[in-house]
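Participant: Show me the folded form of this:
(one chain, ligands or ions: 2)
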Amino acid sequence: MDAGTCLRAATPRAGAGHRTPQGFPPARVPAARLAAAQRPLALGLDSRRSTGPIRGAGGLKGLRCRKSSGTEKVHYSADEALILKQKAEDVLPYLNDRCVYLVGMMGSGKTTVGKIIAEVLGYSFFDSDKLVEHTVGIPSVAEIFQVHSEAFFRDNESEVLRDLSSMHRLIVATGGGAVIRPINWNYMKKGLTIWLDVPLDALARRIAAVGTASRPLLHQESGDPYTKAYAKLTALMEKRMDSYANADARVSLEGTFSTEFKTPLYIILVFIWMLYTTAKA
Ligand SMILES: Nc1ncnc2c1ncn2[C@@H]1O[C@H](COP(=O)(O)OP(=O)(O)O)[C@@H](O)[C@H]1O
Ligand SMILES: O=C(O)C1=C[C@@H](OP(=O)(O)O)[C@@H](O)[C@H](O)C1
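Facilitator: Ligands and ions are numbered 1, 2, ... in the order given. So this is what the prediction gives:
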């Protein structure tokens, strides 16, 4: 199924659609226009590409933009890249250099979407999990849980978010559990918070596809990874639902299995549109 047909944007609480801002057409790209596009462009998500200096680096001083995984490229046509550029230009004045925090369950796409959004907006991307790993000096979240504890990880996660909150022009992919501590909201609310809300079965499929080793809360030695992940995600979601709903806006992928990341453009356009309406409000 085309993810684009299922993706809709909504406010966290009301769940109602947003008004379409003037001069900001619905986030659907005419098929003919896309088909006509010939020259594929790569919007680089290259971790080796350096970004500009970060203002107010606080406790993360000296740390440059670290992108969380290797080189990933999302290819857009010339037309698509142009549309994204125009939309980014519409949004940027309203963002006013504020940071954008992506919240949502494990596997909801915070890292994937965050990197693309950062690229489109010319912002720097940070993954809070990676920053915790960096500050603790342990290369994986799973190992931090193992060597120390979840509480230790959470303390460091809060410190990272506190430090990020003094910076500007960042897209931050937070860990799925960052929302559970109220203090983290104090930090994140200095910027804009967007909840990526994805159906649990889609999350479980994505996570089962990549394995649970890097996500200690879902890791099980035995059993079917999908079933186990689904059960655990369901329990976590029940506890966290109200916390996620604190976000300024919600981007929802409903009624779709959507493991095929075939239409990133649509997701990004909806995301930018959400940023536009939220930042403008
Ligand atoms: N919209 C999407 N459709 C399908 N798969 C996706 C989508 N977004 C992310 N993924 C995949 O899901 C997995 C988890 O994504 P990731 O961005 O790491 O999530 P998070 O940072 O929220 O934990 C990755 O394998 C990624 O490729
Ligand atoms: O949901 C959670 O509690 C967690 C999510 C993970 O981040 P992702 O959401 O990036 O997987 C990571 O912070 C840690 O494993 C705990």
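
Participant: Would you map the helices across the chain?
Facilitator: Counting by DSSP state H, one finds helices in the chain at the ranges 3-6, 31-36, 78-95, 110-121, 128-136, 141-147, 150-164, 182-188, 200-210, 225-244, 264-280.

Participant: Name the residues of the third one that are buried.
Facilitator: Buried residues in helix 78-95, counted by 16 or more other C-beta atoms under 10 Å: 79-81, 83-84, 87-88, 90-92, 94-95. C-beta here means a position set from N, CA and C on the backbone, and glycine is covered the same way.

Participant: Would you mind measuring from the residue lying closest to I194 once chain neighbours are set aside to M274?
Facilitator: Excluding its sequence neighbours, the residue lying closest to I194 (C-beta to C-beta, 6 or more residues apart in numbering) is A249, at 5.1 Å. Distance check for A249 against M274: by C-beta to C-beta, to the nearest Å, it reads 5 Å.

Participant: Please identify the residues of the protein in proximity to ligand 2?
Facilitator: Neighbours of ligand 2 within the chain, by C-beta under 6 Å from any ligand atom: 106, 110, 129, 141, 175-177, 215-217.

Participant: Would you check which pair of those residues lies furthest apart?
Facilitator: Pairwise distances across the residues of the chain next to ligand 2 peak at 17.2 Å for K110 and P216 (criterion: C-beta to C-beta).

Participant: These two - which one has more neighbours?
Facilitator: Using other C-beta atoms under 10 Å as the criterion, K110 and P216 rank with K110 on top: 28 against 16.

Participant: So the more buried one is in contact with T174, correct?
Facilitator: Yes. The pair K110 and T174 passes the contact test of C-beta atoms under 8 Å, sitting 6.7 Å apart.

Participant: if I look at these two, which residues touch both of them?
Facilitator: Common neighbours of K110 and T174, using C-beta atoms under 8 Å, 6 or more residues apart in numbering, are 102-103.

Participant: Contacts only, for A247.
Facilitator: Going by C-beta under 8 Å, 6+ apart, the list of residues near A247 reads 12, 103, 193-195.

Participant: Pull up the gap between it and V100, please.
Facilitator: 11 Å.

Participant: Check the contact lists of those two and give me the overlap.
Facilitator: Here A247 and V100 have 193-194 as joint contacts, going by C-beta under 8 Å, 6+ apart.

Participant: can you put the buried residues of helix 78-95 in JSON lines and add distance to ligand 1?
Facilitator: Written out in JSON lines, the entries for the buried residues of helix 78-95 read as follows (distance: C-beta to the nearest ligand atom, whole Å):
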{"residue": "D79", "distance to ligand 1": "21"}
{"residue": "E80", "distance to ligand 1": "16"}
{"residue": "A81", "distance to ligand 1": "19"}
{"residue": "I83", "distance to ligand 1": "18"}
{"residue": "L84", "distance to ligand 1": "16"}
{"residue": "K87", "distance to ligand 1": "18"}
{"residue": "A88", "distance to ligand 1": "19"}
{"residue": "D90", "distance to ligand 1": "23"}
{"residue": "V91", "distance to ligand 1": "20"}
{"residue": "L92", "distance to ligand 1": "23"}
{"residue": "Y94", "distance to ligand 1": "25"}
{"residue": "L95", "distance to ligand 1": "21"}
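
Participant: ok, so of those residues, who is nearest ligand 2?
Facilitator: Nearest to ligand 2 among the buried residues of helix 78-95, counting by C-beta to the nearest ligand atom, is L95 at 22.9 Å.

Participant: Just give me the neighbour total for the residue in the stretch 1-150 of the chain positioned nearest to ligand 2.
Facilitator: For the stretch 1-150 of the chain, the residue positioned closest to ligand 2 under C-beta to the nearest ligand atom is M106, at a distance of 3.6 Å. Under the neighbour criterion other C-beta under 10 Å, M106 is assigned a count of 21.

Participant: what pLDDT does it get?
Facilitator: At M106, the pLDDT value in this model is 96.

Participant: Please apply the same query to K73.
Facilitator: K73 carries a pLDDT value of 60.

Participant: Point out the most buried one among the helices of the chain.
Facilitator: Neighbour counts (mean count of other C-beta atoms under 10 Å) averaged over each of the helices of the chain peak at helix 110-121, with a mean of 23.
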